[in-house]
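A.B. asks: curious how this folds, go ahead:
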Amino acid sequence: MTTLGIENLLSDPPEWLSGRRLGLLCNQASTDSRLRHSRDLLNKTFPGQLACLFSPQHGFFSEKQDNMIESAHSVDPATGLPLYSLYREQRRPTREMFDLFDVLLIDLFDVGTRVYTFLYTMAYCLEAAAEFDKKVLVLDRPNPIGGDQIEGNIIQKDCYSFVGLYPIPMRHGLTFGELAILLNSHFNIKADLEVIPMQGWHRKMLFSDTGLPWVFPSPNMTSPATSLVYPGQVIWEGTNISEGRGTCLPFELFGAPFMNSSEILDRIKENHDLPGCFLRPLIFEPTSNKWVNQACRGFQLHVTDPVAFRPYRTSLILLQAVMQLYPDIFQYKEPPYEYEYERLPMDLILGDRKARQALEQGMNIIDLENSWQDELAEFNKLRQDVFLYH
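C.D. replies: The predicted model follows:
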């Protein structure tokens, strides 16, 4: 079974942590393999040293459902420690927050997708640590969709936002610790950073191979199956198509009242083979979010072969089919989205206006995918510089 960074830290605590005031960036998914929370484990190993807590998007208990639903600063009822939200109108930590500790420990469960905002909360903390002369210790966790495959276009600078601050593809194939090293070294944050790696994790491993229990890191990331489809299915957030929020299978389900499953299947079969998945037509009624209490016709996306499956390609093909079949009803979501009030959310999610325009113009998705292979190959070389695992 994979041994987590938090477990490796506590099995052999470094002497230099003795007497240091500690901050911890975490949420309710920050547990060890026995489901014990990291703050409780740190309190036991370093009594009296834990000084404050920080939480990312969705809140400490992963209770906030959607983007731009903020969490307030509060007090952790279990420890009495101040709990600072880093998902508010101001998402950067302040000097006053960082004055409370000497070392910031980051123990967050990422899902391997560029738009998942925990990455950028970590980036802001690294920037603050560099500015305020604090050390950062990242406790590594598995990438649930593996560290072998990468997929997607590299985000362009005019699309940088809180769902993409650095030139990486939609599926990056890195662990959180490796991402920290990439940001800190290649993108010149230059904080005093150390990563406590895992043991027993290899790049080809999916979450189901780790032997670890799944604890949802955000309210709509309900299972390992959700994480497999998320790098593609997240793009529906930028449209009037339900991405399955308000159902028991967010991101696995998608649809809208105006969609016709047979028409979509016929359209995509004309030009595309979608490896590693099966689209099962169904009808669902969301209890919240888009199309609440209305019958949505669509699909459940079943992953039958995770190695062959290409989530981003699959969802782009589906998106283009919907755009072409229902041009008078399909709509892009209007701003705001993740604190961006002018730019189109779809551009921020895709990370490239030209990619969105190519979809609109009917460009074959495989040809579109081929057009970004050179930049993807460059990123692949770059990420290998920060590999902690083989």
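A.B. asks: the helix or strand of the chain with the lowest mean pLDDT - contacts with which helices or strands?
C.D. replies: Least confident element among the helices and strands of the chain, by mean pLDDT, DSSP states H and E: helix 261-271 (a mean of 90). Contacts defined by 3 or more C-beta pairs under 8 Å, 6 or more residues apart in numbering; DSSP states H and E place helix 261-271 against strand 277-284, strand 296-303, helix 311-325. Just so you know, the C-beta spots here come from the backbone N, C-alpha and C atoms, and that holds for glycine as well.
A.B. asks: what's the longest one packed up against?
C.D. replies: Judged by 3+ C-beta pairs under 8 Å, 6+ apart, the packing partners of helix 311-325 are helix 224-233, helix 261-271, helix 353-360, helix 365-371.
A.B. asks: name the SS class of the residue lying closest to residue 387 once chain neighbours are set aside, please.
C.D. replies: Spatial nearest neighbour of residue 387, chain neighbours left out: residue 178 (6.6 Å); criterion: C-beta to C-beta, 6 or more residues apart in numbering. Following DSSP: H, G, I helix; E, B strand; the rest coil, residue 178 is assigned to helix.
A.B. asks: returning to what we had before: and of the helices and strands packed on helix 311-325, who's closest to residue 149?
C.D. replies: With C-beta to C-beta, the closest approach to residue 149 among those belongs to helix 224-233: 9.6 Å.
A.B. asks: and stretch 186-199, end to end?
C.D. replies: Taking C-alpha to C-alpha, to the nearest Å, stretch 186-199 runs 25 Å from one end to the other.
A.B. asks: and it, how far out from the chain middle?
C.D. replies: Relative to the centre of its chain, stretch 186-199 is centred 19 Å away, using C-alpha atoms, centre = their mean, to the nearest Å.
A.B. asks: got a list of contacts for that stretch?
C.D. replies: By C-beta atoms under 8 Å, 6 or more residues apart in numbering, the residues outside stretch 186-199 that reach it are 2-6, 8-9, 123, 126-127, 129-130, 133-142, 166, 175, 177-178, 180-181, 183-184, 382, 385-386, 388-389.
A.B. asks: in strands only, show me the residues you listed.
C.D. replies: Residues of the contacts of stretch 186-199 located in strands (DSSP state E): 135-139.
A.B. asks: need the helices and strands packed on helix 311-325 in JSON lines (columns: distance to residue 162 and mean neighbour count).
C.D. replies: Listed next are these as JSON lines, based on distance: least, C-beta to C-beta, whole Å; neighbours: other C-beta atoms under 10 Å:
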{"stretch": "helix 224-233", "distance to residue 162": "17", "mean neighbour count": "25"}
{"stretch": "helix 261-271", "distance to residue 162": "31", "mean neighbour count": "14"}
{"stretch": "helix 353-360", "distance to residue 162": "18", "mean neighbour count": "17"}
{"stretch": "helix 365-371", "distance to residue 162": "25", "mean neighbour count": "15"}
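A.B. asks: in TSV: the ones you listed, plus distance to residue 156.
C.D. replies: Output for the helices and strands packed on helix 311-325, formatted as TSV (distance: least, C-beta to C-beta, whole Å):
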stretch	distance to residue 156
helix 224-233	18
helix 261-271	26
helix 353-360	7
helix 365-371	13
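A.B. asks: among those helices, which comes closest to residue 302?
C.D. replies: With C-beta to C-beta as the measure, helix 224-233 is the member of those nearest residue 302 (8.4 Å).
A.B. asks: so for the helix or strand following that closest one, mean pLDDT?
C.D. replies: The C-terminal neighbour of helix 224-233 among helices and strands, as given by DSSP states H and E, is strand 253-256. Throughout strand 253-256, pLDDT has a mean value of 98.
A.B. asks: and the contacts of strand 253-256?
C.D. replies: The contact list for strand 253-256 (C-beta under 8 Å, 6+ apart) reads 233, 236, 240-244, 247, 261, 282-284, 290-291, 296-301, 318, 329.
A.B. asks: narrow those residues to those that are buried.
C.D. replies: The neighbour-count criterion (16 or more other C-beta atoms under 10 Å) marks 233, 236, 240-244, 247, 261, 284, 290-291, 296-301, 318 among those as buried.
A.B. asks: tell me the domain ranges of the chain?
C.D. replies: For the chain, automatic domain parsing gives the domain ranges 5-219, 224-371.
A.B. asks: nearest to residue 377, out of these?
C.D. replies: Proximity of the domains of the chain to residue 377 was assessed by C-beta to C-beta; the nearest stretch is domain 5-219, lying at 9.5 Å.
A.B. asks: run the chain-centre distance for the closest one.
C.D. replies: On C-alpha atoms, centre = their mean, the centre of domain 5-219 falls 11 Å from that of its chain.
A.B. asks: now do the same end-to-end measure for it.
C.D. replies: 23 Å.
A.B. asks: so the residue nearest to residue 387 touches residue 384, yeah?
C.D. replies: No: assessed by C-beta atoms under 8 Å, residue 178 is found out of contact with residue 384, at 10.0 Å.
A.B. asks: between these two, which is the more surrounded one?
C.D. replies: residue 178 (24 against 10; other C-beta atoms under 10 Å).
A.B. asks: residue contacts, that one?
C.D. replies: Applying C-beta under 8 Å, 6+ apart, the residues contacting residue 178 are 140, 147, 195, 383, 386-388.
A.B. asks: repeat that for residue 167.
C.D. replies: So residue 167 contacts 154-157, 379 (C-beta under 8 Å, 6+ apart).
A.B. asks: which of these tops the neighbour count?
C.D. replies: residue 155 (25 neighbours).
A.B. asks: what about that one, distance to residue 240?
C.D. replies: Here residue 155 is placed at a distance of 23 Å from residue 240 (C-beta to C-beta, to the nearest Å).
A.B. asks: now residue 204
C.D. replies: Noted for residue 204: a distance of 37 Å to residue 240, by C-beta to C-beta.
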